[in-house]
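**Student:** build me a model from this:
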Amino acid sequence: MSIEQSVARDPIEAADWEKWYGDPAKWPASRHAFLADVAMRLARVMCYPWYDDLFVAAGRTEMSQPRPDLFLSHPEWSPYRDGSGVIGVDPDVEAGFWRPDDWTEEEEAALDRADAHNNYRHAGRVAVRAVARGIALLAASGRISTIGMPQDGSPSIPIDPGDWELIDPIDRIASCRLTPGDRTAPGSSGTHLVFVDGNQLEKRLRAYARDNQVSLNDGGITVIDDGLLGAPKQAPTAYVEKICEDAMREHLSEAENKDITSEALKKAVEARTNREFSAKVFQRARARLLPDFPEWARPGRRRGPQGPRRGH
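**Tutor:** Numbers count the residues shown, from 1 in each chain. As a prediction, this is how the structure comes out:
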């Protein structure tokens, strides 16, 4: 039995992450930011590397190994101390797996699939736990203001910060629902959808992320009481530039009208990635594409052959 399976109840796996995190197009419209949108925004600036499907991956079932009696060594681990359960570092397959004499190629392939699935799932679980804790702390302290929208069409109401003083916020972040005044009510049966006031929201999220960086890396995570050991202190600009560059290439390969003016291309890339890029990040990413698109070097009307100058 793994460390995670030893926890009496697994709120991450029990939650339905697909409903609100599988397709942002299903988010309810409002002048306020939907809770799933806010969770996604925080994850993008706090967890590295980040992929938007990690929320859904977190809720997937752990994939079993080809044989139940395999020996897998567990590296040193610490609980993720937020008072709502533990998440340990997954076994290291390459370092700790002893392959028996009758081991087959099919089993090796199955082991690789299980290892990739479980590692991605584990990264999602660590990220989800950190994001849920962050939003609950921000809301409970009043640094962000949350709003409850009744599902019967009644007017929305402000949510008391005390409603965010939770032992475990996972269910609420997953369901994006609550019952105002009842902190013990499960989110799945909540009476109100949760939104967040957009006033200075991005500033508050980034400020929290700067102090609570989460490193999702292939070698696992070493957790200490005051943060993550070795986690970056600032957002890795190269990573953000790569996201922008990849989205730019995808857009230009698919778009019929390949408008390469900066303003139009930046809007298209931001719409594709559902995130904003600073002018500096965008221009650096765009510069990497110039060798492949030399006509971008001097955008505008192409000039034809020039005649002789006067006086010559």
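
**Student:** could I get the full set of strands for the stretch 51-200 of the chain?
**Tutor:** Per DSSP state E, counting those that start in this stretch, the stretch 51-200 of the chain carries strands over the ranges 146-150, 157-158, 177-178, 192-196.

**Student:** what ranges do the helices span in this structure?
**Tutor:** 11-14, 18-21, 35-46, 54-58, 93-96, 105-140, 170-175, 201-211, 237-254, 262-273, 279-289 (DSSP state H).

**Student:** tell me how far the residue nearest to R275 when sequence neighbours are not counted lies from I243.
**Tutor:** In space, and not counting its chain neighbours, R275 is closest to R44: 6.0 Å by Cβ to Cβ, 6 or more residues apart in numbering. Every C-beta, even on glycine, is put in place using the N, C-alpha and C of the backbone. R44 sits 9 Å away from I243, going by Cβ to Cβ, to the nearest Å.

**Student:** what sits in contact with each of those two?
**Tutor:** By the contact definition Cβ atoms under 8 Å, 6 or more residues apart in numbering, R44 and I243 are jointly contacted by R275.

**Student:** list the residues that contact D160.
**Tutor:** D160 touches 180-181, counting by Cβ under 8 Å, 6+ apart.

**Student:** from D211, how far off is it?
**Tutor:** From D160 to D211 the distance is 25 Å (Cβ to Cβ).

**Student:** with A287 instead?
**Tutor:** For A287, the distance to D211 equals 32 Å [Cβ to Cβ].

**Student:** one more: S64?
**Tutor:** For S64, the distance to D211 (Cβ to Cβ) stands at 38 Å.

**Student:** what do you get for C244?
**Tutor:** Going from C244 to D211 by Cβ to Cβ gives 25 Å.

**Student:** have a look at the two and say which one is more surrounded.
**Tutor:** Comparing C244 with D211 by other Cβ atoms under 10 Å, the one with more neighbours is C244, at 24 against 10.

**Student:** so what's the more buried one up against?
**Tutor:** Residues in contact with C244, defined by Cβ under 8 Å, 6+ apart, are 269, 273, 277, 281-282, 285.

**Student:** ok, now with 6 Å
**Tutor:** C244 makes contact with 277, 281-282, 285, according to Cβ atoms under 6 Å, 6 or more residues apart in numbering.
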